[in-house]
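In: Pasted the sequence and its predicted model underneath.
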Amino acid sequence: MLNNLKTTLLLGILTTLLVLAGSLMGGRSGAMIAFVVAIVMNVASYWFSAKIVLATYGAREVKPGELPRVEQILDRLVQRANIPRPKLYVIPQSQPNAFATGRNPQHAAVAVTEGIVQMMPDDELEGVIAHELAHVKHRDILISTVAATLAGAVMMLASMARWGAIFGGFGGGRDDREGGGALGMLVVALVAPLAATLVQLAVSRSREFEADRGAVEMTGNPQGMARALHRLGQASGRIPMEASPQTAHMFIVSPMFGRLGTLFSTHPPIEDRIRALVGDRPIWA
């Protein structure tokens, strides 16, 4: 119920933001056009956001027997979690990372990078996949996926506004004067990306702690989960990944480690997540 309310709030924020931006950029007619666009985006986000995010990263569905080690771990964990088996995808990236997506457990997908399959031992990989299944079981994959799609739409709007402000707006009619013209576009260009970031922060940080705890409940191995987080944090600082700020919050650790400040990071610090799992105990014992 709570996640349904969060998703509804997200869709409402998008609609309001787009309508206000349309009004600033083009007056009443701009607001009406933005309202129609918002309705289309809301529907598309709910039904197609998972496919959009998977396509963004070039994720390919894994054929049966292609990644037997990962498939066996996934099969074992879905039985423990008592949820439908999500589709498994592989992302052609060297950085070890993973995310879950979909609108509900019946239409879920887990995506892992080639790097995580090659680098991570079984007990740690089990923790990562369990973390993603915890997102599925907690039913917060929809809000995560919708946030990614909507943030992308907001960033696109901000980019259009920025170029419109540079070149003097999209016209000089009455609606444009009512909307504020270039000044309105400049406001949208500055405020929209900040709003998108704040939305992502609101939905991302707390759910990572919950998914870590859910993973440990599934595996019974807090040390393995903690080691996985440590390894992922170290690797994300060394191995670059082609990723965007709009979707960074979906991954188990930020793929843009080092490119985003701590204040605006969509993930809690790795050290805090490890401490929440094992306290001060050594993770390599």
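Out: Nice, I can see it. Not measured: the values here are computed from a predicted model.

In: How about the secondary structure of V112?
Out: strand (DSSP: H, G, I helix; E, B strand; the rest coil).

In: just checking, what packs against the longest helix along the chain?
Out: Counting residues, the longest helix in the chain under DSSP state H turns out to be helix 2-56. Applying 3 or more C-beta pairs under 8 Å, 6 or more residues apart in numbering; DSSP states H and E, one finds that helix 2-56 contacts strand 98-102, strand 108-113, helix 141-166, helix 174-179, helix 181-219. Using the backbone N, CA and C atoms, a C-beta is placed for each residue, glycine as well.

In: shaky segments in the stretch 51-200 of the chain?
Out: The stretch 51-200 of the chain contains residues with pLDDT under 70 at 147-200.

In: Try it again at 90.
Out: Applying pLDDT under 90 to the stretch 51-200 of the chain flags residues 52, 103, 138-200.

In: ok, then the element right after the longest helix of the chain?
Out: strand 60-61 (DSSP states H and E).

In: Next, the angle from whichever helix or strand comes after that next one to strand 98-102.
Out: Later in the chain than strand 60-61, the nearest helix or strand by DSSP H and E is helix 68-81. Interaxial angle, helix 68-81 versus strand 98-102 (axes from the mean of the first three to the mean of the last three C-alpha atoms, to 10 degrees): 50 degrees.

In: Give me the residues contacting helix 68-81.
Out: 62, 64-65, 84-86, 88, 110, 112, 117, 122, 125-126, 129-130, 133-134, 136-137, 218-219 (C-beta atoms under 8 Å, 6 or more residues apart in numbering).

In: Try it again at 6 Å.
Out: R85, E126, I129, A130, L133, K137, M218 (C-beta atoms under 6 Å, 6 or more residues apart in numbering).

In: Now do the same for the fifth one: helix, strand or coil?
Out: Spelled out, it's L133. L133 is classified as helix under three-state DSSP.

In: one step back: closest one to M41 out of the contacts of helix 68-81, please.
Out: Of all those, K137 has the smallest distance to M41: 27.7 Å, by C-beta to C-beta.

In: re earlier: kindly indicate which of the contacts of helix 68-81 lies nearest M256.
Out: Using C-beta to C-beta, the contacts of helix 68-81 come closest to M256 at I129, 22.1 Å.

In: one step back: just the buried ones from the contacts of helix 68-81, in ChimeraX syntax?
Out: Filtering the contacts of helix 68-81 down to the buried ones (16 or more other C-beta atoms under 10 Å) takes a single ChimeraX command:
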select :85,126,129,130,133,137,218
